[in-house]
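Visitor: sequence and predicted structure below; questions after.
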Amino acid sequence: MIIPIGEMVLRSGCRQNVIWQNMGLPFITVAVNVSLKQLSRHYNLSDLVFQVLYETQINAKYLELELTESFCMQNVDNTISLLRKFSYMDILITIDDFGTGYSSLSYLKHLPFKKLKIDRSFVKDITNNHDDLTIVKTIIDMAHNLRLKVIAEGVETHGQLETLRGLDCDEVQGFLFGKPLPEEEFIELLKEENHFDNLQ
């Protein structure tokens, strides 16, 4: 069941993004999670992605594929080869939920990631738990040394936001900035030119 759902999400996400672009809305990147089964040698994810790009005519640089670090450690050689294909096309590859898996840094340096997302479990108590603060700082420093952009997930308070700013975290996401929206409300949000500037 996960395979057809994954295909539907990828196809509908890309198609909808093109519709928004044609409406004159700000160009944004659509992020799609990749499942473990889609990384299997027995499933040709690259063919699906190429087909969807062709069908929807979306520019590849506006597609982002998110994979958890534990998924990346399954069939490592196959995963590296697959992700390099996407990277050559300018598709953005992101490690999701970083810190919750069991990845090897020696493998991570060979994967063509551009972004790393710190799992919300480390962000939740960052303002009052020294261990979480140290872990997040270490991840950010390591990622920057590898020339990766860092995103913190699960930001819900201004205290968390200010702490992450102090650690030079590149981007944040969470309920502090908004909850999932119906399409109509999201379109109105995109039309507000100053909305995203006000979050800086």
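Guide: Here it is on my side, so go on. Numbering: from 1, shown residues only.
Visitor: show me what Leu63 is bridged to.
Guide: Taking DSSP bridges, one obtains Val30 as the residues bridged to Leu63.
Visitor: and it, how far is that from Leu48?
Guide: Look at Leu63 and Leu48: by C-beta to C-beta, to the nearest Å, they are 12 Å apart. Yep, even glycine has a C-beta here, placed from its N, CA and C like the rest.
Visitor: pick out whichever of those two has more residues nearby.
Guide: Taking other C-beta atoms under 10 Å, Leu63 and Leu48 do not tie; Leu63 has more neighbours (24 against 16).
Visitor: right, and that one touches Phe27 too?
Guide: No - using C-beta atoms under 8 Å, Leu63 makes no contact with Phe27, being 11.9 Å away.
Visitor: so, low pLDDT: which residues of this structure?
Guide: Scanning the chain for pLDDT under 70 picks out the ranges 1-2, 41-42, 101-107, 193-200.
Visitor: show me the contacts for Ile3.
Guide: Ser35, Lys37, Gln38, Tyr43 (C-beta atoms under 8 Å, 6 or more residues apart in numbering).
Visitor: and which of those residues is nearest to Val172?
Guide: Nearest to Val172, judged by C-beta to C-beta, of these is Ser35 at 25.3 Å.
Visitor: please, where are all the helices along the protein?
Guide: Ranges of helices in the chain, per DSSP state H, are 2-22, 45-56, 69-72, 76-88, 105-108, 120-123, 130-145, 158-166, 183-191, 195-198.
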